[in-house]
Each structure stands twice: as structure tokens, then as C-alpha cells.
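1. give me a 3D structure for the following:
(2 chains)
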Amino acid sequence: MKKRIWSWRVTAGFGVLFAVALVVGVSVGPIPLPFAGVVQTLFGGGHALSSVDQAVLLQIRLPRVILAGLVGAALATSGAVYQTVFRNPLADPYLLGVAAGAGLGATLAFVLGGSVLLGATGVALVPVFAFVGALAAVAVTFLVAGARRSDPRTLLLAGVAVGSFATAAQTYLFQSHTQILRTVYSWILGQLVAADWSTVAWTAGYLVLALGVLFVIARRLDGLLLSDEEAHSLGLKPARLRAVAIAAATLATATAVAAGGLIGFVGLVIPHLIRGLLHRATNRSLPAIALAGGAFLIFADLGARTLLSPAELPIGVITAFVGAPFFLWILRRGGRP
Amino acid sequence: MKPFKHISVAALIAALSIASLTAAPAIAKPAAHVPTRIVSLSPSATEILWGIGAAKQVTAVDDNSNFPVGVPTTTLSSFTPNVEAIAGYKPDLVILQANATKATAVQAALKKLGIPVFLEQTPTATAGAYTEIKQLGQLTGHTSQAAKLVSSMKKQIKAIVSMFAAPKIRVFHELDSTLYSATSKTFIGAVYKDFGVTNIADAAAGADQSGYPQLTAEYLIKANPQVVVLADGDWGESKATVSARAGWAAIDAVKNGKIYTIGSDISSRWGPRLVDLYRAVGQILSHVN
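-> Alright, predicted model coming up:
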């Protein structure tokens, strides 16, 4: 009972952090907006801001901040789940080839759809292709790893190979369809730039499903850290649990990739940071990880929006700048956070 | 005697130079070193070669060269040139874009095979286009046609600019739907600059040295362009899609319907059709004035 209260407090603490990130993200941007006017517009609905400023706040900034929060939460949560399922501290959507598979799927959508798909309505099809690509990548990774799939190293190496293959196929598609090159590249670097409410809506829809499933099975996921025999003895069905967890984490990753482009290292840095802070590897901290991931990406996107203002800085640059040294640090410590 | 000798030397030089001057127009056919199997791996260079009357000397052009009608388009890539594929055409001059993949390595490899290479720099102002036309004129033995083309282009462009000058009109030139644009330090930006417009991408010139910054949507809406020019019309963007973008209804260009598309080919090539580009931009600006 005590433990449960403690866990709720921690989660609430990260909820506050997320709320702070939201407030800062909405208040700060390339265009200075009066804070009082922002608060009044958001909560009072009045006309405290000029119509242009109101459009900037409600149509540009707010959906972008919320989308960054959603994408960050999805990447951090799926990273944490992959690390548990594969019993590997370095597992993240990138190393497993999932993100590359999603990227290939999305590129295929651009190639097949051509100009028709690139219009306003067609873009909604991209996440579907991304999910199919991501699922295919995970499935192939599993098949390639074969009977030794419970060995984390085999699985991770298979993931790297699958990811390289997907990236190669994607590069081939680029080179043979140079007319889509620019569109796909800017998409890969991140679409938070073009966030609007419709993107927020479908992203939230997919993530409620994916993260909902993961939060519900979070407690049971800890059983996957044990050997399969031990898990069985606890009354768990490790194979089925693993399949459900991977499917849900993959849906979360694909949605994040489709909405935000390829943003690396969030799935690695945040779970390790939170679990390190809490001194425990359990998945009870999953909601806290989601909230922290959302807050992290909101701040990273704030940097993307403002550091080179009025020009954009690709958000992947910021997350890699923070994440890559962190990755090396984990490696040096032998994989322990 | 000494001064006399000087005079005779001077006279000799003078005589020789007069002889060479009078001899020059007498060369009707191209000299032996003038290339006759040119491979152009640049759509701009291809248009220039046709413009200066060197068409018959061109054997092959790259996959993006599509103008004028009848150019010998091949599968040769301008972005990722392949030395063997190029050499297969047995060219005696290759025009290579300096920003192609591994351009200097490709140039070195072709030189080893004894094939001369013209490395084409992407101009950042119209002067660069004129320079290239003259250079290609010299290389192909069409110096006078090149000079004629340049002076005719300059004259037409001057007339267009004076007719459609649009001082301080706020313009947003869109390269793609994620708001990549071009500052006045780029080739296309220099065209807008000639009309005296205010290019809203220039505010990002300090932060982004490439000349092609990606603007934040917030800034764009606040900068309130009076006209939006879409270079991404071929990729599905249009007046309808731009007007439907979230928050854009606050922009003057959207309110007044001043959204126009411009061909991606003419807006990214610096050949004889530069005149067409000026005309297209001028006509767009005339709708706002």
C-alpha cells in the first residue's frame, strides 16, 4: 500500500514537470506574446491578443507543443518497454530497426502516392504505411533472430541488420525518385514544424490505444525481466505478454515517427534517466517515463523553434546532441544506468 | 639606331595584332580543339548550350535536362554522376555541377581518362549566370553568340524590372510545405531583390548561412507576407492547400488571395529562360501593386 502511494506521488511529480513544460512551451517562441494575454486567451477565451497573435498561439504554437509532448511520451514509453522486453538497456526504437522500418513505410507512401498523396488529405495515410513498415521490421527481426530470440545480443544485432536493410531500401527509393527527395527529407527531419490540430488528433488517437495497453500491462512487464521459466512460475504467459508489449510499443513508435519524423535518443535517454533517478528498473514508472519524455521533447522543440529564430533547427540535432553522449556514458558503465 | 629598333618591334606587334584581329572572323568552322561530343550534366548548362547555338555539339544530357524540346535526354544522373556511364559517351567535354555528389572526385577521374571537365558553380546572383554563358561560349567556340545572348537578356530583364518594380512588397517564396525559403543571397532571392521587394526570409539570413532557411510558422504569420509564391506547385501545394493551413488565414496574401505558383524548373535554372523567370515574378508582383 505504501509503495502504491509512493508511485502515485512520483507520477504526479512528473505530471507537474510536464505541465511546466507545457506552460513554458506555450509562453515562449520566436514571436513574443504577452504572458497575461496568453493565459487569458487559453482560459478566458477572450480577445486579449490581436487576431494575428491569437492565430500564432492557437493555430501554430499550441498544437506544436502538444504534438511534441505526445511524440516524446510515445518514444520514451516504447523505448522503456523495448528495453524490458528485450532485456537490453540499449534497446530503443532505432537500434531495433523499428524506426527505420517506419521510415521506409512512410517513404513508400510518398513514392506510391506521388503528388496525390502529398496534398493535404493524403498525408493522413502516411502513419498507416509507417505502422505497416515498423511491424514488418519487428517481424523480420524476430524471424531473423530465430530460436535464439531470447538472447538480447542476437535480437539487437538482427535489429541493426534489419534497420540497415530498411535504410538501404529507403535510400534506393530516394535515388530512383528524386522528385520526392526534398519532401521526404524534410519529413524525416521532423514534421513538428507543420503541426496542426488534425495531426494532434490522429496522433492522440493512436497513442491512447498504444500507451493505454502498455500502462495496463506495465506491472506484468516486470516478469519479462526474469527468465521465461521463472515468469511461467509466477503465472505469466511470457510469449503472449511479449507479443502484446511489442505490438503496442511498435504502434507508439510508428505513430511518433509518422507525426514527428525520425527523432532519435528520446527512447534511450528518458527511461534510463527516470529509472536511474528512482533507483529501480520496474515498469511501474512507465507513466512517469511517458510524462518526462513529453516534457523533454517539448523543451527540445523549444530549442528547435528559438535557437536559430526565425529559422528552424532540426529537432533531431538537439536530441542527438543530448542523447549521443548519454549513450556513450551508458556504454562505458556496462549498460547500467 | 636603338629607338628605331624599338619602333620596328612596336610596329611588328601592331601588325601582328591587326592580322590576328582580321583573321578571327575568317575562322568559319570551329577550330580543332572545339568540343563536338559534349555531355551536359546540368539542366541550366543544357539550356545555355542550346541558347548559344552549340546544340549540334552536344551528345548527351542528364535525366533532368528537359528543355528545350528535343534535347538528347539520357539516364545519366546530374546529382550522382557515374564516371563509367559518362565515359561511355566518349565525350570531349563534360559539364558537371559543383554540388553533385563527389563532384571533385568525378572530375579527377574523368581527367585521368583525358576528358576535360567544366565544373559549374551554382550562381548566387544573375551575374553568375552571365559569366557561365560567356564561359560556355568560349569553350564551345560560340563567343559572339554568347555575348549577344547576354546583352539581349540584360536588356529584356532591365525592361521587365523597371515595368514591374514592387518596392517593399513583402514576399514569401516557398520551396516546400515545411517552409523552406530562399534569402536574397541566393540566385532566386537575387531576382526578387532586383524588383525591390522585402523578402521575409532575409530575417533568417544571419541564423542560416545556407541561404535556404526553414522559417518557423510563427514568424511567417507575424511577418505577414502580401504575396506568397509557391515553387512547390509540382508537389501538390496550391492556393487551396496554402489557404487551408492552420493560422494562415491571418496573412494578407491569404486574405487577398495573392498566392501564385511558379514553375520549379524556371525558378531553379540560370539559362536563357532567366528572362521568363523575371517576367513570371514581375507579373505576380503586378497583381499586388
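2. OK, contacts around A:His297?
-> Slight slip there: residue A:297 is Leu, not His. A:68-69, A:71-73, A:75, A:260, A:263, A:266, A:315, A:319 (C-beta atoms under 8 Å, 6 or more residues apart in numbering or on different chains). Glycine gets a C-beta too; all of them are placed from N, C-alpha and C.
3. how near is B:Val254 to chain A?
-> Shown here: B:Val254 relative to chain A, a distance of 11 Å by C-beta to the nearest C-beta, to the nearest Å.
4. what number of residues lie near residue 181?
-> You didn't pick a chain, so chain A it is. Counted with other C-beta atoms under 10 Å in any protein chain shown, the neighbours of A:Leu181 add up to 14.
5. the chain in question should be chain B.
-> For B:Ser181, the count of nearby residues is 28 (other C-beta under 10 Å).
6. show me the contacts for it.
-> B:172-175, B:200-201, B:204, B:212-215.
7. for stretch A:52-70, which positions count as buried?
-> A:53-70 (16 or more other C-beta atoms under 10 Å in any protein chain shown).
8. the stretch 1-150 of chain B against chain A: which residues are in contact?
-> Applying C-beta under 8 Å from any C-beta of the partner chain, one finds that the stretch 1-150 of chain B approaches chain A through B:64, B:79-80.
9. for these, which one is nearest B:Ile157?
-> Nearest to B:Ile157 among those, counting by C-beta to C-beta, is B:Asn64 at 24.4 Å.
10. for A:Arg305, pull up the helix or strand it's in.
-> helix A:286-306 (DSSP states H and E).
11. show the average pLDDT along stretch B:217-224.
-> The average pLDDT within stretch B:217-224 is 95.
12. equivalent analysis for stretch B:229-242, please.
-> Mean predicted confidence for stretch B:229-242 is 90.
13. again, but for stretch A:27-44
-> The model assigns stretch A:27-44 a mean pLDDT of 89.
14. contacts for it?
-> A:26, A:46, A:48-49, A:53-54, A:56-58, A:61-62, A:302, A:305-306, A:309-310, B:216, B:218-219, B:221-222.
15. returning to what we had before: would you mark the buried spots in the following helix or strand past the helix holding A:Arg305?
-> Note on helix A:286-306: by DSSP H and E, the next helix or strand toward the C-terminus is helix A:315-332. By 16+ other C-beta under 10 Å, the buried positions in helix A:315-332 come out as A:315-316, A:318-319, A:323, A:326-327, A:330.
16. cool, stretch A:270-284 as well?
-> A:270-275, A:278, A:281-284.
17. and which of these is nearest to chain B?
-> In terms of C-beta to the nearest C-beta, no member of the buried residues of stretch A:270-284 lies closer to chain B than A:Ile270, at 25.3 Å.
18. shaky segments in the chain?
-> With no chain named, the answer covers chain A. Along chain A, the model assigns pLDDT under 70 to residues A:1-6, A:45-46, A:113-125, A:147-152, A:178-180, A:182-183, A:186-190, A:279-281, A:334-337.
19. that's the other chain; I wanted chain B
-> B:1-32, B:289.
20. quick one: the strands in the stretch 151-289 of chain B, in order.
-> B:170-174, B:198-199, B:227-230, B:259-261 (DSSP state E, counting those that start in this stretch).
21. how distant is the helix or strand where A:Gly105 lies from the center of its chain?
-> Assigned by DSSP H and E, A:Gly105 falls within helix A:98-117. Mean-position distance between helix A:98-117 and its chain equals 18 Å (C-alpha atoms, centre = their mean, to the nearest Å).
22. out of the buried residues of stretch A:52-70, who's near chain B?
-> A:55-56, A:58-61, A:63-64.
23. that older thread, can I get the CA coordinates of the helix holding A:Arg305 in CSV?
-> Below are the C-alpha coordinates for helix A:286-306, written out as CSV (Å, rounded to 0.1, in the frame of the first residue of the first chain):
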residue,chain,number,x,y,z
LEU,A,286,6.1,3.8,-17.1
PRO,A,287,3.6,6.8,-16.8
ALA,A,288,6.4,8.8,-15.2
ILE,A,289,8.7,8.0,-18.1
ALA,A,290,5.9,9.0,-20.6
LEU,A,291,5.5,12.4,-18.8
ALA,A,292,9.2,13.0,-18.6
GLY,A,293,9.6,12.1,-22.3
GLY,A,294,6.9,14.5,-23.3
ALA,A,295,8.4,17.3,-21.2
PHE,A,296,11.9,16.6,-22.7
LEU,A,297,10.7,16.8,-26.3
ILE,A,298,8.7,20.0,-25.6
PHE,A,299,11.9,21.6,-24.3
ALA,A,300,13.9,20.2,-27.2
ASP,A,301,11.4,21.6,-29.6
LEU,A,302,11.5,24.9,-27.9
GLY,A,303,15.2,24.9,-28.8
ALA,A,304,14.4,24.0,-32.3
ARG,A,305,12.0,26.9,-32.6
THR,A,306,14.0,29.6,-30.9
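24. for chain B, what's its nearest residue on the stretch 1-150 of chain A.
-> Counting by C-beta to the nearest C-beta, the stretch 1-150 of chain A gets nearest chain B through A:Gln59, at 3.1 Å.
25. counting contacts, what elements does the helix holding A:Gly105 pack onto?
-> helix A:126-145, helix A:152-176, helix A:181-188, helix A:238-260 (3 or more C-beta pairs under 8 Å, 6 or more residues apart in numbering or on different chains; DSSP states H and E).
26. how about those, which one is nearest B:Ala109?
-> helix A:152-176 (19.7 Å).
27. what does that closest one rub up against?
-> With C-beta under 8 Å, 6+ apart, helix A:152-176 has contacts from A:86-88, A:90-91, A:94-101, A:103-104, A:107-108, A:111, A:133, A:137, A:140-142, A:144-146, A:148-149, A:180-181, A:184, B:80.
28. those, buried ones only, as a ChimeraX selection?
-> The ChimeraX selection below is limited to those of these classed as buried (16+ other C-beta under 10 Å):
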select /A:86,88,90,91,94,95,96,97,98,99,100,101,103,104,107,108,111,133,137,140,141,142,144,145,149,180,184
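29. and the spatially most central residue of chain A, what helix or strand is that in?
-> Centroid check for chain A by C-alpha atoms, centre = their mean gives A:Leu75 as the closest residue, at 2.1 Å. Secondary structure from DSSP H and E places A:Leu75 in helix A:62-85.
30. that helix vs helix A:238-260, what angle?
-> 150 degrees (axes from the mean of the first three to the mean of the last three C-alpha atoms, to 10 degrees).
31. what helices or strands is helix A:62-85 leaning on?
-> helix A:2-27, helix A:197-216, helix A:218-221, helix A:238-260, helix A:266-278, helix A:286-306.
32. buried ones in the second one?
-> Using 16+ other C-beta under 10 Å as the test for burial, helix A:197-216 gives A:199-200, A:203, A:206-207, A:210-211, A:213-214.
33. and chain B, which of those reach it?
-> Within the buried residues of helix A:197-216, nothing lies near chain B by C-beta under 8 Å from any C-beta.
34. among those residues, which one lies nearest to B:Ile115?
-> A:Thr199 (50.4 Å).
35. so that closest one is in contact with A:Pro63, correct?
-> Yes: contact status for A:Thr199 versus A:Pro63: in contact at 7.1 Å, counting by C-beta atoms under 8 Å.
36. count the neighbours of A:Ser164 for me.
-> 12.
37. distance of it from B:Arg170?
-> According to C-beta to C-beta, to the nearest Å, A:Ser164 and B:Arg170 sit 46 Å apart.
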